[in-house]
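**Q** Here is the input, now give the coordinates:
(one chain, ligands or ions: 2)
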Amino acid sequence: MATKKRALFIRVLVQARPYWLLLGVIVLLNVLAVSLVLLKPLGLKILIDSGFNHAPLPGFIAGFFPGGIDFRTVVLLSVALVMGIALLENCYKLVIWLLNTVAGEKLVLRFRSNLFDHVQRLSLAHHDNMGTADALYRIQYDAANIKTLLIVNIMPLITSSVTLLAMLAVMFSINATFSLMLLGVIPPLVLLIRKSAAKWKQQWNDVKTSESNAMSVMNEVLGAIRIIKSFGRESIEAERFTDRANEVVDGQMRVARASAWFYFVVGMLFAIVTALFMYVGAYDIHNNRMTLGELTIILAYVAQIYGPIDVITRNISDIQSSLTSIKRAYALFDEPQEFNAAVQHVPCPAVRGRFSLKNVSFAYDPAKTVLSGINLELQPGDRLGIIGSTGSGKSSLLSLLLRFHDPSSGTIQLDGLDIHSIGLSDYRNQFAIVLQEPLLLSTTIAQNIAYGRPEASREEIVKAAKNANAHEFIMNLPAGYDTQVGERGAKLSGGERQRIAIARAFIKNAPILLLDEPTSSLDMHTEQMVIEAIGRLVEGRNTFLVTHRLDTLRLCNIILHLEKGKIVDVIRDPAPSYLEGKKALYTQQLQL
Ligand SMILES: Nc1ncnc2c1ncn2[C@@H]1O[C@H](COP(=O)(O)OP(=O)(O)OP(=O)(O)O)[C@@H](O)[C@H]1O
Ligand SMILES: [Mg+2]
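**A** Numbers count the residues shown, from 1 in each chain. Ligands and ions are numbered 1, 2, ... in the order given. This next block holds a predicted model:
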C-alpha cells in the first residue's frame with residue numbers, strides 16, 4: 001500500500017476509534033466462523049469413506065465410538081453433522097449481520113455529522129467557489145464509504161484470507177501434491193489482480209467525477225426551477241443532465257467490461273484446476289493412494305475456494321473505490337475553517353458601536369479589486385445609508401463587516417478592537433441582518449422568527465411580528481404562527497417573507513443592524529409597511545443600510561456614496577438638497 005493510502009487508512013481507523021471493540025468482536029466471530037466452513041464437507045466424507053467403504057472414522061470422532069459403528073449410525077452421524085454445522089453457521093451469520101449493521105451505521109453517522117458540522121464552518125469564499133452540490137455529494141455518498149470500506153470490504157477480506165489459508169492447510173494435510181498444484185495457480189492470479197486493480201482505480205475515479213457533475217446539474221436546476229420554467233428551458237436542461245449522466249453510464253460500462261473479463265479468466269482457471277484434480281484423483285483412488293471421501297473434500301474445497309479468492313479480488317478493487325470516495329470526503333475535512341486559530345480571541349465586550357475602517361481594500365479574486373482605500377468613522381448610534389451603482393461594492397462592504405470575507409488589506413475596528421481579535425461567533429452575534437431576498441428555513445413561521453433566539457416565548461414572537469407589521473397577515477393564515485413556510489419560505493410572498501425577516505431581527509435584539517436593499521423587490525403598499533417596520537427596528541441600533549429608496553434613506557443620518565469600490569463622498573446629516581442631487585445622478589436607482 002502506498003504511503004498516502006496507508007495514511008488515509010490510518011485516518012479512517014482513528015475515525016472509527018469509538019467502535020474498535022465492536023469491530024474487534026466482529027473480526028473474531030468471522031475468523032471463528034471459518035472453522036465451520038472447513039467442517040462443511042466432513043459429513044459427506046464420513047458417509048462415503050466410513051459408511052460405504054468401511055474405512056475407520058476420523059480420529060477425533062472415533063473416540064466417541066470405542067466399540068465400532070454400524071452403517072445406520074454412520075448415516076445418522078453424517079446427517080447430524082451436516083445439520084449441526086449448518087445451524088451453527090447460520091446462527092453465526094445472523095449475529096454477524098446484526099453487528100455489522102450496528103457498527104456500519106454508527107460509523108457513517110459519526111463521520112457524516114463531523115463533516116456536516118465542519119462544512120458549515122467553512123468560509124463563504126469556499127462555499128461560493130465549490131457550490132452546494134459538491135459538498136452534499138461528499139457528505140451524503142462519499143462519507144458513507146467509511147462503512148463500505150471497513151464492513152463491506154475489509155471484514156470479508158480478513159475472513160476470506162483466513163479461510164483460504166486454512167483450506168490450503170487442510171488440503172496440504174490430505175494431499176501435498178494437490179495443494180502444491182493449487183498454490184501454483186495463485187501467482188498468476190495475484191498478477192492478474194494487481195494489473196486490474198490499477199486500471200479499476202482510474203476508471204472508478206472517472207465515474208465518481210462524472211457522477212458529481214451530473215448531480216450538480218440536477219441541484220442547480222431544481223434550485224432555480226422558477227427561472228428554468230419561465231425561460232422554457234426544461235428540455236435543454238434535461239439534455240444537459242442526460243449528457244452528463246451518459247458519461248456516468250460510459251464510465252460504469254468501462255469498469256464492467258474490465259471486471260467481466262477478469263472474472264471470465266478467473267472462472268476458467270478454476271474449471272481447469274477442477275478438471276485436472278478429477279483426472280489425477282481418479283487414478284490416485286484407483287491405485288489406493290487416496291480415498292474417494294478425501295477427493296470429495298478436496299473438490300468441495302476447490303469449489304469453495306473460488307469464493308474466498310473471488311471475495312478477495314473483488315474487495316481489493318472495491319477498496320480502491322471506497323478509498324477514493326473517502327479521500328474526497330476527507331479533502332472537505334481538510335479545508336480550513338474560517339476561524340483563524342492563530343489569533344488570540346477575546347470575548348466581544350458590550351458593543352457601543354464605534355466602527356472605524358482604515359484603508360480597507362478587498363478582492364474576491366486578486367485580479368479584480370472590489371473595494372479600495374475605504375476610510376470611515378462611525379459613532380455609536382449612527383445610521384449609515386449606503387448608495388452606489390450596481391456592482392459598486394455595497395454588499396461586499398457588508399460582507400466584510402460580518403466577516404464573511406476578510407479585507408485584503410487595512411483594518412476594521414469596533415470600539416477600538418480589531419474585529420479579527422474577537423471570537424467569531426461572539427462577534428457575529430452582535431449583528432442582525434435583513435437582505436433583499438430573505439431566506440427562510442422550511443419550518444414554521446414562529447420558528448423562523450425565533451431563529452436567532454430559539455428560547456423566545458410565544459409572546460415575544462408575537463411582539464416581534466407586530467413590530468414588523470407581520471402579525472396581521474400571520475393571523476390570517478390557516479395555522480397562524482404554526483404555518484409551515486415551505487422550502488426557503490416559498491409559500492409566502494416576497495413582502496411577507498421580508499416582514500418575517502424583520503421580525504427575526506427584532507427578536508434577536510442585536511446592537512448592530514445590516515440591511516441590504518430590504519425594500520427593493522416589494523410593491524408600493526408592502527414597501528410602506530416594511531419601511532415603517534424598519535423605522536422601528538433601527539431605533540437605537542447602529543445601522544448599515546444599503547438602499548436606493550429615498551424614503552428608506554431618510555432613516556439614516558450619514559450617507560456613503562460608493563462607486564467602483566471607492567468612496568465618492570460621505571455626508572453627515574445631509575440636507576434634503578443633497579439627496580435631491582443624488583437622485584438626479586441616479587434616476588434609475590433612487591426611485592421615489
Ligand atoms: N462571491 C463573489 N465572488 C466573486 N466576485 C464577486 C462576488 N460577489 C460579488 N462579486 C463582484 O464584486 C463586485 C461588487 O459586488 P457587490 O455585490 O458588492 O456589489 P453591489 O454594490 O452590492 O451591487 P448591487 O447593487 O447590484 O447589489 C461586483 O463586480 C461583483 O461581480
Ligand atoms: Mg448588493
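**Q** Would you mind giving both backbone torsions of Leu441?
**A** Phi and psi for Leu441, reported as degrees, to the nearest 10, are phi -100, psi 160.
**Q** do Leu514 as well
**A** According to degrees, to the nearest 10, Leu514 has phi -120, psi 130.
**Q** Give me the neighbour count for it.
**A** 23 (other Cβ atoms under 10 Å). In short, each C-beta sits where N, CA and C put it, glycine included.
**Q** so where do the helices sit in the stretch 101-250 of the chain?
**A** Using DSSP state H, counting those that start in this stretch, the helices assigned to the stretch 101-250 of the chain run over residues 124-137, 145-147, 155-174, 176-223, 225-230, 234-286.
**Q** Relative to Leu560, which of those is closest?
**A** In terms of Cβ to Cβ, the element of those nearest to Leu560 is helix 124-137, at 22.8 Å.
**Q** Can you give me the buried ones in that closest one?
**A** Neighbour counts over helix 124-137 (16 or more other Cβ atoms under 10 Å) mark 126, 130, 133-137 as buried.
**Q** now stretch 517-526
**A** Those would be 517-520, 522, 526, for stretch 517-526 by 16+ other Cβ under 10 Å.
**Q** Relative to ligand 1, which of those is nearest.
**A** Glu517 (6.6 Å; Cβ to the nearest ligand atom).
**Q** what's the first-to-last distance across stretch 376-388?
**A** 16 Å (Cα to Cα, to the nearest Å).
**Q** Give me the mean pLDDT for that stretch.
**A** Mean pLDDT, stretch 376-388: 92.
**Q** quick one, phi/psi of Arg121?
**A** According to degrees, to the nearest 10, the main-chain angles of Arg121 amount to phi -90, psi 0.
**Q** what about the spatially most central residue of the chain, distance to ligand 1?
**A** In the chain, the residue lying closest to the centroid (Cα atoms, centre = their mean) is Ile139, at 0.3 Å. Separation of Ile139 from ligand 1 (Cβ to the nearest ligand atom, to the nearest Å) stands at 22 Å.
**Q** Now name the helix or strand holding the nearest residue to Arg554 once chain neighbours are set aside.
**A** Spatial nearest neighbour of Arg554, chain neighbours left out: Leu579 (7.8 Å); criterion: Cβ to Cβ, 6 or more residues apart in numbering. Leu579 belongs to helix 576-585 when assigned by DSSP states H and E.
**Q** before we move on, back to that, for the closest residue to the residue nearest to the centre of the chain other than its chain neighbours, what are its contacts?
**A** Spatial nearest neighbour of Ile139, chain neighbours left out: Leu115 (5.1 Å); criterion: Cβ to Cβ, 6+ apart. If a contact means Cβ atoms under 8 Å, 6 or more residues apart in numbering, then Leu115 has 138-139, 143, 329, 332-333 as its contacts.
**Q** go on, Ser361?
**A** 369, 371-374, 407-410.
**Q** so where do the strands sit in the chain?
**A** Along the chain, counting by DSSP state E, strands occupy 355-362, 371-377, 383-387, 409-414, 417-418, 431-434, 512-516, 542-546, 558-563, 566-572.
**Q** Would you format the ones you listed as CSV with distance to Leu38 included?
**A** Compiled in CSV, those are given as follows (distance: least, Cβ to Cβ, whole Å):
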stretch, distance to Leu38
strand 355-362, 70
strand 371-377, 74
strand 383-387, 79
strand 409-414, 72
strand 417-418, 71
strand 431-434, 68
strand 512-516, 71
strand 542-546, 76
strand 558-563, 80
strand 566-572, 81
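**Q** Quick check: which of the ones you listed is buried the most?
**A** Neighbour counts (mean count of other Cβ atoms under 10 Å) averaged over each of the strands of the chain peak at strand 542-546, with a mean of 25.
**Q** That one - contacts with which helices or strands?
**A** strand 383-387, helix 394-402, strand 512-516 (3 or more Cβ pairs under 8 Å, 6 or more residues apart in numbering; DSSP states H and E).
**Q** Residues contacting it, please?
**A** 351, 353, 355, 378, 380-387, 394-395, 397-398, 401, 511-518, 534, 538, 552-553, 555-556.
**Q** Could you spell out the sheet neighbours of that strand, each with its direction?
**A** Looking at strand 542-546 with DSSP bridges, its partner strands are strand 383-387 (parallel), strand 512-516 (parallel).
**Q** Once you drop chain neighbours, what's closest to the residue of the stretch 1-150 of the chain found nearest ligand 1?
**A** Closest approach between the stretch 1-150 of the chain and ligand 1, counting by Cβ to the nearest ligand atom: Asp128, at 4.2 Å. Leaving aside its chain neighbours, Asp128 sits nearest to Tyr364 (7.7 Å; criterion: Cβ to Cβ, 6+ apart).
**Q** Could I get the contacting residues of the one you found?
**A** 125, 128, 370, 396, 405.
**Q** Just put the residues you listed in TSV and tack on distance to Glu89 and pLDDT.
**A** Shown next, in TSV, are the contacts of Tyr364 (distance: Cβ to Cβ, whole Å; pLDDT from 0 to 100):
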residue	distance to Glu89	pLDDT
Ala125	56	77
Asp128	55	77
Val370	68	94
Ser396	67	94
His405	61	88
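**Q** Among these, which one sits closest to Arg72?
**A** For those, the nearest to Arg72 is Asp128 (81.3 Å; Cβ to Cβ).
**Q** What distance do you get for the closest one to Glu496?
**A** For Asp128, the distance to Glu496 (Cβ to Cβ, to the nearest Å) stands at 28 Å.
**Q** Kindly provide the distance from Gly353 to ligand 1.
**A** 23 Å.
**Q** and that residue, how many residues sit next to it?
**A** Neighbours around Gly353, by other Cβ under 10 Å: 17.
**Q** Name all residues that make contact with it.
**A** Gly353 sits in contact with 378-382, 414-415, 511-512, 542, where contact means Cβ under 8 Å, 6+ apart.
**Q** any low-confidence regions in this structure?
**A** 1-2, 339-345, 583-592 (pLDDT under 70).
**Q** Residue numbers of it in contact with ligand 1?
**A** Selection of the chain residues close to ligand 1 by Cβ under 6 Å from any ligand atom yields 128, 364-365, 370, 388, 390-396.
**Q** try it again with 5 Å
**A** Selection of the chain residues close to ligand 1 by Cβ under 5 Å from any ligand atom yields 128, 364, 370, 390-396.
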